[in-house]
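Undergrad: Here's a sequence, model it:
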Amino acid sequence: MKNVLVGRSDGAVLRRDAVRHPTRSQDWDEVQEFSRVAYMPYKVRPLEKAARPDATMLSARVGRVLVTRFSYGTPIYLNDFDPATGNVIVLNTLEGALRHAHRKLPATTQAGESFVVDCSRTSYWLEGDPRHMQLNLTIAHDVLAEVAERWFGRVPGNELWTSRVKFGGSGSRWLGLLDYVTRTLDEGTVLPPGDRRGRHLEELLCVDLLQAWARGAGVDLDAQEKAAAPKYVVRAEEILASEAREGPSIGAVAERVGVSARTLSEGFRRFRETSPRRFLATRRLEGVRAELEAASEGDESVAGIASRWGYVNFGAFAGAYRRRFGELPSETLKRRRFP
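TA: Now for the predicted structure:
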């Protein structure tokens, strides 16, 4: 593992930077700016008086996953991770050790071991020793929720997202996957969200992470909670999905399934970990994407397709589309026309 993930001192393993920045720094401000962009805002305190960093800061994109090889080069304590960014971080220790907030007692990760925390759902702190070196992943909570819904038929509840879990280790499937991903990056391949290999590797990382996380948290991702939802929730999903282009009002859908809008919203929150409005918004974006991907060369425009789906504020639409799929709608259309 060390040779694949650490051994190249020139940083070529992750040289295709997703965030423009120096790759080495002894300046706290530079290191903090990298950390803010790559992970999220948080507080850092050196554990040695007047210590200066000797940081390694390398990054690359794998679909919508940001991969970083990072160390401060000095002992540190981190806390107050900002939940507003909505990010999950996966800290994969390559050298040295980290101590993590974990239930009642801290957990320590050493070379080959990993730790996952959803900073948008739970508090967190960590302490790194002088030799710590990490291969970290930053993934939006919403991306993982989307993958979970697609693969397991539901979005897990807070019993998963609030669990801080240590996993991986020598010989683990997760470590083998990281090895495979970094070998791909080592070839110098850029894997943005629109790249097929990037999307494939993103999917592999998210699914394996969810499975390892769920095992550590004692959560059964295959539990058939969807079937246990009330009939009015299931019927509302069918209506919203089939009539997404028309954009029916939530009140009208609630009336059709025989409940109040408030009851419908509560049913979605309890059994789907979402709201009817958000469910509808997702189906509409997916409908637009399907039409963009099927568009004939020269016959369609983003504005024309979006208009057919009821979008009038194209700036807001493009922003929502990019957050959902990791690329602009124009990029989807261009890739379809010029494969």
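Undergrad: Near Gly319, how many other residues are there?
TA: 12 (other C-beta atoms under 10 Å). For glycine as for every other residue, the C-beta is placed from the backbone atoms N, C-alpha and C.
Undergrad: what helix or strand does it sit in?
TA: Assessed by DSSP states H and E, Gly319 sits inside helix 314-325.
Undergrad: Any chance you could list what contacts that helix?
TA: 142, 146, 193, 281-282, 285, 288-289, 302-303, 306, 311, 328-330, 332 (C-beta atoms under 8 Å, 6 or more residues apart in numbering).
Undergrad: Mark which of those are buried, thanks.
TA: Buried by 16 or more other C-beta atoms under 10 Å: 142, 146, 193, 281-282, 285, 288-289, 302, 306, 311, 328-329, 332, out of the contacts of helix 314-325.
Undergrad: Closest one to Ala107 out of those, please.
TA: For the buried ones among the contacts of helix 314-325, the minimum distance to Ala107 (C-beta to C-beta) is 26.2 Å, reached by Asp142.
Undergrad: From what I see, the closest one and Gly86 are in contact.
TA: Yes: when contacts are counted by C-beta atoms under 8 Å, Asp142 is listed as touching Gly86 (6.5 Å).
Undergrad: Doesn't Arg61 lie inside a helix?
TA: No: according to DSSP: H, G, I helix; E, B strand; the rest coil, Arg61 belongs to no helix; its state is strand.
Undergrad: So for this protein, the centremost residue is which one?
TA: Taking C-alpha atoms, centre = their mean, the centroid of the chain lies closest to Ile139, which sits 2.4 Å from it.
Undergrad: and that residue, that's in a strand?
TA: Yes: when classified by three-state DSSP, Ile139 is found to be part of a strand.
Undergrad: so what's it up against?
TA: So Ile139 contacts 64-66, 87-90, 205-206, 209 (C-beta under 8 Å, 6+ apart).
Undergrad: Tabulate those in CSV, adding columns for secondary structure, neighbour count and pLDDT.
TA: What follows is the contacts of Ile139, written out as CSV (DSSP: H, G, I helix; E, B strand; the rest coil; neighbours: other C-beta atoms under 10 Å; pLDDT from 0 to 100):
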residue, secondary structure, neighbour count, pLDDT
Arg64, coil, 25, 91
Val65, strand, 28, 93
Leu66, strand, 21, 92
Asn87, strand, 23, 96
Val88, strand, 24, 97
Ile89, strand, 23, 98
Val90, strand, 25, 98
Leu205, helix, 25, 95
Cys206, helix, 24, 94
Leu209, helix, 23, 97
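Undergrad: re the thing from before, ok, so of the buried ones among the contacts of helix 314-325, who is nearest Pro106?
TA: Minimum distance to Pro106 across the buried ones among the contacts of helix 314-325 is 28.9 Å, recorded for Asp142 (C-beta to C-beta).
Undergrad: which SSE is the closest one in?
TA: helix 141-152.
Undergrad: what's the answer for Val116, then?
TA: Following DSSP H and E, one finds Val116 within strand 113-118.
Undergrad: Same question for Ala212.
TA: Using DSSP H and E, the element containing Ala212 is helix 196-217.
Undergrad: so Glu331, which of the three states?
TA: Classification of Glu331 using three-state DSSP returns helix.
Undergrad: From Phe325, how far off is it?
TA: 9 Å (C-beta to C-beta, to the nearest Å).
Undergrad: which one of the two has more residues nearby?
TA: Phe325 (22 against 18).
Undergrad: Kindly state the pLDDT recorded for the more buried one?
TA: In this model, Phe325 is scored at 81, pLDDT.
Undergrad: What separation do you get for Arg324 and Ala97?
TA: Per C-beta to C-beta, Arg324 is found 37 Å from Ala97.
Undergrad: before we move on, what about Pro75?
TA: Distance of Pro75 to Ala97, given as C-beta to C-beta: 11 Å.
Undergrad: Report the set of residues contacting both of these two.
TA: 128-129.
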